[in-house]
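In: Just need the structure, nothing else, for what follows:
(2 chains)
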There are 2 protein chains.
Amino acid sequence: MGKLLIVGTVAFDAIETPFGKTDKILGGAATFIGLAASQFNVNSAIVSVVGDDMPQEYLDILSGKGIDLSGLEIVKGGKTFYWKGKYHNDLNARDTLITELNTLADFNPIVPNDYRNSEVVMLGNLHPNIQISVINQMTKRPNLIVLDTMNFWMDNALQELLEAIKMIDVLTINDEEARQLTNEHSLVKAAEEIQKMGPKYVVIKKGEHGALLFCKDNVFYAPALPLEEVFDPTGAGDTFAGGFSGYLAATGNTSFNSIKNAVIHGSNLASFCVERFGTERMQDLEKAEVSKRLHQFKALTQFEIELQ
Amino acid sequence: MGKLLIVGTVAFDAIETPFGKTDKILGGAATFIGLAASQFNVNSAIVSVVGDDMPQEYLDILSGKGIDLSGLEIVKGGKTFYWKGKYHNDLNARDTLITELNTLADFNPIVPNDYRNSEVVMLGNLHPNIQISVINQMTKRPNLIVLDTMNFWMDNALQELLEAIKMIDVLTINDEEARQLTNEHSLVKAAEEIQKMGPKYVVIKKGEHGALLFCKDNVFYAPALPLEEVFDPTGAGDTFAGGFSGYLAATGNTSFNSIKNAVIHGSNLASFCVERFGTERMQDLEKAEVSKRLHQFKALTQFEIELQ
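Out: Numbers count the residues shown, from 1 in each chain, chains lettered A, B, ... in the order given. Have a look, this model is predicted:
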């Protein structure tokens, strides 16, 4: 059983979609990554920070999935990172109404000793300096370092982000961010440019339009499962990253074929995440449901055609 | 060898993209459909109308591909349908600068006797009354009637369009138009509604994001091949329709698996169409190139995953 080290936010989200709204509920990149990764046979740990306003029952959801929280700093008297957002009617865009960094502003990540030799490191979206600090604490080079980021860091910490990207194996990024990072409109060209920056693999996330995996001349595409209803897209990208990195940590295989399968597993799990608010759907997700939907994924994409 | 009857415009297009512009060149739905279908072993005929301003060399391009033009009316002293458009920088939107219906305004389609028993009928985007008239001229029910349409007819001839849709087997339509036709944002729900209107199969075209095929509970997805550069999207949807209907006419098999393959062949051919202005790329397209790219399609989408 491989070790997966997860770095990212554990947070409060308040979400409004055309279908309803929530008060502050459990959210954050590391939360979604951890829940998705727990579908696989991995030992995983989260490195993050919260205030003591974070209810124990929320933390119990994570430890109940076997996730090691010894690297989760709880700041006495501190407040947890809080994000409030409202989705547009088509769910393809959202407005951020509130962002309170709180304890995250001074976060100094400490990787638990047991996880400094993790095979896979999943760096959720955070300041690139935090991501670099975690890599530097590893006592041996992980088999695979995966980094997720967003346009905010390109606008505000580009040099640090480029430094972090140099150190990793897989960059996961959305289509518009890939274009911003490289000044290339074509995603094929953007992925080529990103590979020159360091990562061997580039995963471009296109939301409801699926995900593309690039490695040298190889391209692989996984669609998003067409759903009757998308209820709340929050956490879909992180769930993808959790399925992706969890699968790879469980198998210990980082060949291109294995990475392809990781993209499928990530897409498959993300299709559940969006069916309910926040982490609700992921908390009780059964292995049998996941397996059934994998069959749907296969039917959705596989064909037999006579090639010459 | 099956017979494919193609109905649609043979036209002049003038195109401007960020990469350049053309004067009046050969265009039109039937033109692109015919060129794509000529990649398969089919007898095909175009039913359309042009003015005598249409150069013989343009018509020779079509007849040179073995396309029967006996159903192409040439109106003496008439002018050919003309469309001029300009694409936005991201190529995902375009402005129509000129639309001159000309001879198309009074078009009364006459299906050649030899093609009234065609196995497959491909009704390109035209007034639904023209599409209905063609269906009514068939002496035996075709194995498959495919209809392509656009939002213009929903706005201006909805009742006639719904009448046409009742008579067909496959509707090809883009995502926004599927939403407009059904008032459903979810494409899954939109496809369900469209099936209730008549067609057994619904193909929803998503441009650079690929195409979805729906039939009852079955869903199949074909991506668009990620390209370094899209040069001119004009005709991509019609090329898809031509590959789709040409393959089905050639095989004579309309099972779900065969329709899946038709979606792949259509997507594969459309990936060539956009590489040059207008019909340029499709005119000299070699079977070996098509076959090579089918291998790329397979590599792009096929995976081996252990299912339980």
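
In: and A:V263, how far is that from A:K287?
Out: For A:V263, the distance to A:K287 equals 20 Å [CB to CB, to the nearest Å]. Quick note: C-beta positions are derived from backbone N, CA and C, even for glycine.

In: Those two: which is more packed in?
Out: Neighbour count, other CB atoms under 10 Å in any protein chain shown: between A:V263 and A:K287, A:V263 has more, with 25 against 10.

In: I'd like the next helix or strand past the helix or strand that one falls within.
Out: Following DSSP states H and E, one finds A:V263 within helix A:256-273. Later in the chain than helix A:256-273, the nearest helix or strand by DSSP H and E is helix A:280-283.

In: So whichever helix or strand comes after that following helix, near chain B or not?
Out: Using DSSP H and E, the helix or strand that follows helix A:280-283 towards the C-terminus is helix A:287-301. Yes: applying CB under 8 Å from any CB of the partner chain, one finds helix A:287-301 in contact with chain B at A:291, A:294-295, A:298-301.

In: Now restrict those to buried residues only.
Out: When the residues of helix A:287-301 next to chain B are checked for burial by 16 or more other CB atoms under 10 Å in any protein chain shown, the buried set is A:294, A:300-301.

In: pLDDT value on A:K298, please?
Out: A:K298 carries a pLDDT value of 94.

In: Now do the contacts for it.
Out: B:305, B:307 (CB atoms under 8 Å, 6 or more residues apart in numbering or on different chains).

In: give me the number of residues near A:R116?
Out: A:R116 has 15 nearby residues by other CB under 10 Å.

In: Hmm, it is touching A:I135, no?
Out: No: judged on CB atoms under 8 Å, A:R116 makes no contact with A:I135 at a distance of 10.8 Å.

In: quick one, helices of chain A?
Out: A:29-37, A:56-63, A:128-137, A:151-156, A:158-166, A:175-182, A:187-197, A:236-251, A:256-273, A:280-283, A:287-301 (DSSP state H).

In: which residue packs closest to A:A236, ignoring adjacent ones?
Out: Nearest residue to A:A236 in three dimensions, chain neighbours excluded: A:A270, at 4.6 Å (CB to CB, 6 or more residues apart in numbering or on different chains).

In: got the angle between the helix holding A:V263 and helix B:287-301?
Out: Helix A:256-273 runs at 60 degrees relative to helix B:287-301, counting by axes from the mean of the first three to the mean of the last three CA atoms, to 10 degrees.

In: what helices or strands is helix A:256-273 leaning on?
Out: Counting contacts by 3 or more CB pairs under 8 Å, 6 or more residues apart in numbering or on different chains; DSSP states H and E, helix A:256-273 is packed against helix A:29-37, strand A:211-215, strand A:218-222, helix A:236-251, helix A:280-283, helix A:287-301.

In: helices or strands next to the longest strand seen in chain A in the packing?
Out: Longest strand in chain A, counting residues (DSSP state E): strand A:42-51. Judged by 3+ CB pairs under 8 Å, 6+ apart, the packing partners of strand A:42-51 are strand A:2-7, helix A:29-37, strand A:72-75, helix A:236-251.

In: now the shortest one: mean pLDDT?
Out: Mean pLDDT, taken over the full extent of strand A:72-75, equals 98.

In: Need the CA coordinates for it. PDB is fine.
Out: Below are the C-alpha coordinates for strand A:72-75, written out as PDB (Å, rounded to 0.1, in the frame of the first residue of the first chain):
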ATOM      1  CA  LEU A  72      -3.100  19.200  10.200                       C
ATOM      2  CA  GLU A  73      -2.300  22.200  12.400                       C
ATOM      3  CA  ILE A  74      -5.100  23.500  14.500                       C
ATOM      4  CA  VAL A  75      -4.400  27.100  15.500                       C
END
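
In: relative to strand A:2-7, how tilted is the longest strand of chain A?
Out: Between strand A:42-51 and strand A:2-7, the angle comes out at 20 degrees (the same axes, to 10 degrees).

In: How far off centre is strand A:42-51?
Out: 13 Å (CA atoms, centre = their mean, to the nearest Å).

In: Kindly report the same for stretch A:51-66.
Out: 19 Å.

In: Buried residues, that stretch. List them.
Out: For stretch A:51-66, by 16+ other CB under 10 Å, it's A:51, A:53-54, A:58-59, A:61-62, A:65.

In: for stretch A:124-140, same thing?
Out: Of the residues in stretch A:124-140, those buried (16+ other CB under 10 Å) are A:124-135, A:137-138.

In: Repeat that for stretch A:15-31.
Out: A:15-17, A:22, A:24-31.

In: same thing with stretch A:255-274?
Out: Within stretch A:255-274, the residues that count as buried by 16+ other CB under 10 Å are A:259-274.

In: can you tell me the average pLDDT over it?
Out: 96.

In: Restricting to C-alpha, output stretch A:56-66 in CSV.
Out: These are the backbone C-alpha positions of stretch A:56-66, laid out as CSV (Å, rounded to 0.1, in the frame of the first residue of the first chain):
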residue,chain,number,x,y,z
GLN,A,56,-14.5,18.0,15.4
GLU,A,57,-17.3,16.2,13.4
TYR,A,58,-15.9,17.6,10.2
LEU,A,59,-12.4,16.4,11.0
ASP,A,60,-13.9,13.0,12.0
ILE,A,61,-15.3,12.7,8.4
LEU,A,62,-11.7,12.7,7.2
SER,A,63,-10.1,10.5,9.9
GLY,A,64,-13.1,8.2,9.5
LYS,A,65,-11.8,7.6,5.9
GLY,A,66,-8.4,6.5,7.4
